[in-house]
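> this is a predicted model, with the sequence first.
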Amino acid sequence: MSIIKTLGRTVHRISQVVNSVGIGIIVAMMLLTTVDVSLRYLFNRPILGSVELTEFMMLLVVALGLAYTQLKKGHIFVELIVSRFSSRVQAVIESIGFFLCLVMYLLIVWQAVVQAKVQWVHGVKTGALMIPKYPFYFILAFGCLLLCLVFLIDLIESLSRVVRK
């Protein structure tokens, strides 16, 4: 069980750092949007490519915040019916849910890496700023992989509650 605790602490630290980067990106996105709108309406000179940059920033914020949000149990979890069951049945249902989420996000990681490779090979870039798209797919894969580690830890913890009770 110490391996799981060590993995949990490591994933928690990495998630905090990655989430902090996401928070910094939110601040940058706010500033970019404020300056862009101000320049557009005051001087009729918007920032070229600000929409593209904002789109990429939104992707980064979401991808980098997924794992930390799951660690803090901030994702939506409806327990209207589940809360009426015994704690063992609740743990079984949680285990099934964590397993399904783990599988789904592993598929997302896989497909994000596949798309990153395709974008890289074909040299796909954005329209206005000519930014390569493949790094953003890799960042999405990284964020989802980090989330998968959190789901794996949650799955092991919920399975241990099933076995204990």
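That came in fine, so what should we check first?
> need the per-residue pLDDT for P132.
Per-residue confidence (pLDDT) for P132: 95.
> spatially nearest residue to it (excluding sequence neighbours)?
Spatial nearest neighbour of P132, chain neighbours left out: K125 (5.4 Å); criterion: C-beta to C-beta, 6 or more residues apart in numbering. For every residue, glycine as well, the C-beta is placed using N, CA and C.
> so the one you found makes contact with K133?
Yes: using C-beta atoms under 8 Å, K125 makes contact with K133 at a distance of 6.6 Å.
> more neighbours: which of those two?
K133 (17 against 13; other C-beta atoms under 10 Å).
> which residues does that one contact?
Q119, V124, K125, T126 (C-beta atoms under 8 Å, 6 or more residues apart in numbering).
> L71 and V82: what is the separation?
Counting by C-beta to C-beta, to the nearest Å, the separation of L71 from V82 is 21 Å.
> neighbour count: the two, which is higher?
More neighbours surround L71 than the other of L71 and V82, with 19 against 13 (other C-beta under 10 Å).
> circling back to that earlier point, the contacts of K133 in helices, which ones?
Using DSSP state H, the subset of the contacts of K133 located in helices is Q119.
> let me know the closest of the contacts of K133 to L140.
Nearest to L140 out of the contacts of K133 is Q119 (C-beta to C-beta; 11.5 Å).
> leaving out sequence neighbours, find the closest residue to the closest one.
Y134 (4.0 Å).
> likewise for W120?
Nearest non-adjacent residue to W120 (C-beta to C-beta, 6+ apart): Y134, at 4.1 Å.
> go ahead and confirm that neighbour touches H122.
No: the criterion here is C-beta under 8 Å, and Y134 misses it with H122 at 9.1 Å.
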